[in-house]
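Peer 1: Show me the folded form of this:
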Amino acid sequence: MFLGEQALTLDAKNRLVLPSKFRVFLTDDDLKGFFMVVNPTRTERCLRLYPRSTWQRVQKGLMKKADDASDPSEFLRLIASHAEFAPIDAQFRFVVPPKLVEFAHLGRDVIMAGNHDWLEIWDPGEWETIAEQTREKYRPMLQRALWPGTEGDQHKT
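Peer 2: Numbers count the residues shown, from 1 in each chain. Model (predicted):
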């Protein structure tokens, strides 16, 4: 489970170093690399990084959804053409391909944020805007969900 966020620097070769705070959640097989895809929502321009173990579940879900599409091949092509496998080297670096850097409007400084089963890479300004909007939108729900108790909703605000 990926938790927290980390400010990082994209180097001249479009490489990022995977912070140790996120490495602890990965298996040896996961440390071979990430499946990197563009965020499927139109309003959030970030990249998602799925460990190999999580990607297997995502891939199964994609195949099921493809069966529901009017053109399964077209649906799968859309996902595959906006995805890359990013191997992780011995220094825990991986390359973000230029087309994905462009999609997410990434500059030299980026934010890597955990989202439970995957990591996200954001432009810092975009991250701050989205994070603040999300905090405001879900504040009442979070107050109830994080209230001590068995059901998380014992305290009504």
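
Peer 1: When you work out contacts or count neighbours from here on, use the C-alpha atoms and nothing else.
Peer 2: Noted.

Peer 1: Just the pLDDT at Q143, thanks.
Peer 2: pLDDT for Q143: 87.

Peer 1: secondary structure element for it?
Peer 2: Assigned by DSSP states H and E, Q143 falls within helix 124-145.

Peer 1: list the buried ones in that helix?
Peer 2: Neighbour-count burial for helix 124-145, with 16 or more other Cα atoms under 10 Å as criterion, is recorded at 124, 126-127, 144-145.

Peer 1: cool, stretch 31-43 as well?
Peer 2: With burial defined by 16+ other Cα under 10 Å, the residues of stretch 31-43 counted as buried are 31-39.

Peer 1: did I read that right, N115 in a strand?
Peer 2: Yes. Assigned with DSSP: H, G, I helix; E, B strand; the rest coil, N115 falls within a strand.

Peer 1: list the contacts for it?
Peer 2: When the contact criterion is Cα atoms under 8 Å, 6 or more residues apart in numbering, the partners of N115 are 1-3.

Peer 1: Of these, which is the most crowded?
Peer 2: Compared across these, F2 has the highest neighbour count, 18 neighbours, by other Cα atoms under 10 Å.

Peer 1: ok, so what distance separates it from E44?
Peer 2: Taking Cα to Cα, to the nearest Å as the measure, F2 and E44 are separated by 19 Å.

Peer 1: cool, and R57?
Peer 2: The gap separating R57 from E44 is 23 Å, by Cα to Cα.

Peer 1: Give me the more crowded residue out of the two.
Peer 2: Counting neighbours by other Cα under 10 Å for R57 and for E44 shows that E44 has the greater number, 14 against 10.

Peer 1: Rounded mean pLDDT for stretch 8-26, please.
Peer 2: Rounded to a whole number, the mean pLDDT of stretch 8-26 is 96.

Peer 1: thought Y50 was touching H116?
Peer 2: No. Y50 lies out of contact with H116 (Cα atoms under 8 Å); the separation is 10.4 Å.

Peer 1: any chance you could map the strands in this structure?
Peer 2: Along the chain, the stretches classed as strands by DSSP state E are 5-9, 15-17, 33-38, 47-51, 83-87, 93-95, 109-115, 118-122.

Peer 1: Can you get me a residue count around R77?
Peer 2: 11.

Peer 1: ok, now which ones touch A113?
Peer 2: Remark: with contacts taken as Cα under 8 Å, 6+ apart, A113 is in contact with 2-6, 119-122.

Peer 1: among the residues you listed, who's most crowded?
Peer 2: Within these, neighbour counts (other Cα under 10 Å) peak at I121, which reaches 27 neighbours.
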